[in-house]
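Chemist: predicted model and sequence below, questions to follow.
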Amino acid sequence: MFAHRIFFISALVMWSGLVFAEPPQNAEALVCRTGPGVSTEWKDEIPTTNPSKNEITFTFSELNQSTGSARLSGPGGSVSVKMVVTTAGVTFIEYLGSGGVVFTTVYARTDTAARTYLAADTRHNFILGSPIISQFYGVCTGQF
């Protein structure tokens, strides 16, 4: 009976650490690193997907849940982005001058000790009359 109580208390503590972990949208900033992924191009109306190693580091700051906005800073400069909060986490939407869109989702699942979150960065570009879609995977670290 004592062993069952210890197990139950241990499981409850571990579970509560995941459930009550700080959600990514409550961070002052999220520093993201994405790396390996895939890129797809159409040639003669046939999509071709290849691995891509486009590693990049960027930061979301000024997260404002009331206005649904944030600031994205990276190698290309700084820009305002839309922010959508769901039960899965938070998604940032960047509109590109070329007519493309970049979606970055930072998932609510976290390592409570390091405050790191899984992330996916999907880019929908339209370059020289042809769609180029890429998706990269990585992590974001919350700064609280």
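Modeler: Sure, I can see it.

Chemist: OK, contacts around the residue nearest to residue 26 when sequence neighbours are not counted?
Modeler: In space, and not counting its chain neighbours, residue 26 is closest to residue 144: 7.2 Å by C-beta to C-beta, 6 or more residues apart in numbering. (Each C-beta comes from the backbone N, C-alpha and C, glycine too.) Taking C-beta atoms under 8 Å, 6 or more residues apart in numbering, we find residue 144 in contact with 22, 26, 27, 28, 115.

Chemist: hmm, the first one is touching residue 115, no?
Modeler: Yes - Residue 22 is in contact with residue 115 according to C-beta atoms under 8 Å; the separation is 6.5 Å.

Chemist: any residues in contact with both of those two?
Modeler: Common contact partners of residue 22 and residue 115 (C-beta under 8 Å, 6+ apart): 142, 144.

Chemist: who has more neighbours, those two?
Modeler: Higher neighbour count among residue 22 and residue 115: residue 115, with 17 against 14, using other C-beta atoms under 10 Å.

Chemist: how much space separates that one from residue 137?
Modeler: Going from residue 115 to residue 137 by C-beta to C-beta, to the nearest Å gives 18 Å.

Chemist: swap in residue 87?
Modeler: Counting by C-beta to C-beta - residue 87 and residue 137 are separated by 21 Å.

Chemist: more neighbours: which of those two?
Modeler: Comparing residue 87 with residue 137 by other C-beta under 10 Å, the one with more neighbours is residue 137, at 13 against 6.

Chemist: tell me the SS of the more buried one?
Modeler: Three-state assignment for residue 137 (DSSP: H, G, I helix; E, B strand; the rest coil): strand.

Chemist: where in this structure is the helix or strand with the lowest mean pLDDT?
Modeler: Lowest by mean pLDDT, DSSP states H and E among the helices and strands of the chain is helix 2-19, with a mean of 41.
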